[in-house]
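In: I need the structure of the sequence given here:
(one chain, ligands or ions: 2)
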Amino acid sequence: MRTIDDINFKNKRALIRVDFNVPLNDKFEITDDTRIRAAVPTIKKILSDGGSVVLMSHLGRPKSGPEDKFSLKHLIKDLSERFDTDVKFASDCIGEEAESKSSGLQPGEILLLENLRFYPEETKGDEGFAKKLAAHGDIYVNDAFGTAHRAHASTSIVAQFFDEKVCGYVMAAEIENAQKVLDKADKPYTAIMGGAKISDKILIIEKLLDKVDNLIIGGGMSYTFFKAMGGDIGSSLVEEDKLDLANELIKKAKEKGVNLELPFDSVIADKFDNNAKTDIVRNGAIPDGWMGLDIGPQAREVFAKTIKSSKTILWNGPMGVFEMSNFAKGTTGIAEAVIEATEKGAFSLIGGGDSAAAVNLLGYGDKVSYVSTGGGALLEYMEGKELPGVKALED
Ligand SMILES: Nc1ncnc2c1ncn2[C@@H]1O[C@H](COP(=O)(O)OP(=O)(O)OP(=O)(O)O)[C@@H](O)[C@H]1O
Ligand SMILES: O=C(O)[C@H](O)COP(=O)(O)O
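Out: Ligands and ions are numbered 1, 2, ... in the order given. Model (predicted):
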């Protein structure tokens, strides 16, 4: 794949697909800017070549047309401060206003287009819509790794309208780091899976069984496994329709000689609240009316030992409801073990929006080998799937 380093952007307009799908609070302030920070070097390289930049992205999943809370205008202030320039904004990603703004761009200027998903044509991969987007630039740059698993107009269809299409630094780094784990992972290789939804991660868990030596399963998804084994889980998170599958995975792990580690104990709470009454119990023995919201101290210790003896670590999904301080110890403990292993020479790749947010929130972002900006995209890549956003650049 060619990268932006293969091109001199002097007097060229780069149309860059970025993934600025960042979390905003109720005051529309950015609460985790990882994805924006990651895209800065790509934008700066193009500007310093003497080119101009048109940025396009989605934000959230708007259902039917424009909605203020999903407007990319909320990012203008941040971007203007970051690049020390007045970032221009087109309140519609296609049409006269946007075209006149993009065609009038001078070297060194940045234009941000409004949310692409205000048009259903974006997610449908509509060719006519993609062609209109293509009119905004001379060269297409895809730096949106987080959205590369979507065959959308701006991530894949649009590429056919350009002679010059290249990946940005984020995309290149993501692929390079993911490859390290996918193809040539040093052993022992440990995957840590957590978070809320088993259904989203079941395929990757199955695929990982062919590759890893240790599979640690914590967080909300672990209770489905305990219930599947006949344990009591109180009112913990469970996916009832995945019980058979959970048993199947336990069986497969045994057959393949993978060391599957489930948390021995949990921090339980009498309600989903940081100030709830709490206790620590063995998993599989959670009383009625209580729910597991974090892994317990014994689980932390056992998991940490496995992690610290690993040479490759893939971590996706927090160990508990880390957003509430009383249920963050599991995730913090695991992060610390990952850091210790990394300091001793292991390669650690952290993926998934929430896990990346947790690691960054704790200030550990630069102490692990690589924090991916991708959630679903990274997992699909790890499953061995071809990403449409990457393929479009290769064609
Ligand atoms: N025991 C638990 N009970 C309920 N929720 C939990 C539990 N453990 C973790 N969670 C929640 O799981 C969520 C993260 O799960 P998710 O599967 O979405 O993670 P991710 O893969 O890192 O993120 P993303 O899907 O955004 O890429 C967090 O909000 C966390 O509070
Ligand atoms: O947050 C993400 O994983 C990406 O921005 C893709 O968003 P999507 O799942 O709504 O397509």
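
In: for the stretch 1-150 of the chain, which spans come out with low pLDDT?
Out: Within the stretch 1-150 of the chain, no stretch has pLDDT under 70.

In: what residues are up against Leu105?
Out: With contact taken as Cβ atoms under 8 Å, 6 or more residues apart in numbering, Leu105 is in contact with 13, 52-54, 88, 111. All C-beta atoms are positioned from the backbone trio N, CA, C, and that covers glycine.

In: try Trp290
Out: Per Cβ under 8 Å, 6+ apart, neighbours of Trp290: 234-235, 268-270, 279, 281.

In: Likewise for Asp6?
Out: Val166.

In: Roughly how far does it sit from ligand 2?
Out: Separation of Asp6 from ligand 2 (Cβ to the nearest ligand atom, to the nearest Å): 26 Å.

In: Ser64 versus that residue, what's the distance?
Out: Per Cβ to Cβ, to the nearest Å, Asp6 is found 40 Å from Ser64.

In: for Tyr381, same thing?
Out: Counting by Cβ to Cβ, the gap from Tyr381 to Ser64 is 31 Å.

In: and Leu293, which of the three is it?
Out: Leu293 falls in the strand class when you classify it by DSSP: H, G, I helix; E, B strand; the rest coil.

In: Quick check, it in contact with Gly320.
Out: Yes. Counting by Cβ atoms under 8 Å, Leu293 does reach Gly320; the two are 5.5 Å apart.

In: Please identify every residue contacting each of these two.
Out: Shared contacts of Leu293 and Gly320 (Cβ under 8 Å, 6+ apart): 267, 327.

In: Who has more neighbours out of the two?
Out: Neighbour tally, Leu293 and Gly320, criterion other Cβ atoms under 10 Å: the higher count belongs to Gly320, 30 against 27.

In: I'd guessed that one sits against Met291; true?
Out: No. Between Gly320 and Met291 there is no contact under Cβ under 8 Å: 10.9 Å.

In: hang on, the earlier thing: show me just the buried residues among the contacts of Trp290.
Out: Neighbour-count burial (16 or more other Cβ atoms under 10 Å) applied to these gives 234-235, 268-269, 281.

In: got a pLDDT number for Lys184?
Out: On pLDDT, Lys184 comes in at 82.

In: ah, wrong one, I meant Ser222
Out: 97.

In: now the one 10 residues further on
Out: The confidence metric pLDDT takes the value 98 at Asp232.

In: List the beta-bridge partners for it.
Out: Applying DSSP bridges to Asp232 yields these beta-bridge partners: Ala285.

In: need the residues of the stretch 1-150 of the chain near ligand 2, please.
Out: 19, 21, 61, 146-147, 150 (Cβ under 6 Å from any ligand atom).

In: Now with 5 Å, please.
Out: Residues of the stretch 1-150 of the chain lying near ligand 2 by Cβ under 5 Å from any ligand atom: 19, 21, 61, 146-147.

In: For ChimeraX, write the select line for the buried members of the residues you listed.
Out: Buried members of these, defined by 16+ other Cβ under 10 Å, are picked up in ChimeraX with:
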select :19,21,146,147
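
In: so which of the residues of the stretch 1-150 of the chain next to ligand 2 comes closest to ligand 1?
Out: Using Cβ to the nearest ligand atom, Gly146 comes nearest to ligand 1 of those, at 8.9 Å.

In: wait, isn't the closest one in contact with Thr373?
Out: Yes. At 5.0 Å, Gly146 counts as touching Thr373 under the criterion of Cβ under 8 Å.

In: Mutual contacts of those two, please.
Out: 19, 35.

In: Any figure for the gap between Ile175 and Leu393?
Out: Using Cβ to Cβ, we find Ile175 at a distance of 10 Å from Leu393.

In: Mind listing the shared neighbours of those two?
Out: Common neighbours of Ile175 and Leu393 (Cβ under 8 Å, 6+ apart) are 1, 167.

In: ok, now which ones touch the closest residue to ligand 2 within the chain?
Out: Nearest residue of the chain to ligand 2 (Cβ to the nearest ligand atom) works out as Asn21 at 3.4 Å. Applying Cβ under 8 Å, 6+ apart to Asn21 gives the contacts 35, 57-60, 146-147.

In: tell me which parts of the stretch 101-250 of the chain are close to ligand 1?
Out: 195-197, 219-220, 237.

In: quick one: which of the contacts of Asn21 is nearest to ligand 1?
Out: The shortest approach to ligand 1 among the contacts of Asn21 belongs to Gly146, at 8.9 Å (Cβ to the nearest ligand atom).

In: how close does that closest one get to Phe83?
Out: Counting by Cβ to Cβ, the gap from Gly146 to Phe83 is 21 Å.

In: And Asn115, by the same measure?
Out: 20 Å.

In: try Gly125
Out: The gap separating Gly125 from Phe83 is 31 Å, by Cβ to Cβ.

In: Repeat that for Glu323.
Out: Taking Cβ to Cβ, one finds Glu323 at 31 Å from Phe83.

In: next one: Phe347
Out: From Phe347 over to Phe83 (counting by Cβ to Cβ), the distance is 32 Å.

In: Of the two, give the one with the bigger neighbour count.
Out: Neighbour count, other Cβ under 10 Å: between Phe347 and Phe83, Phe347 has more, with 21 against 17.
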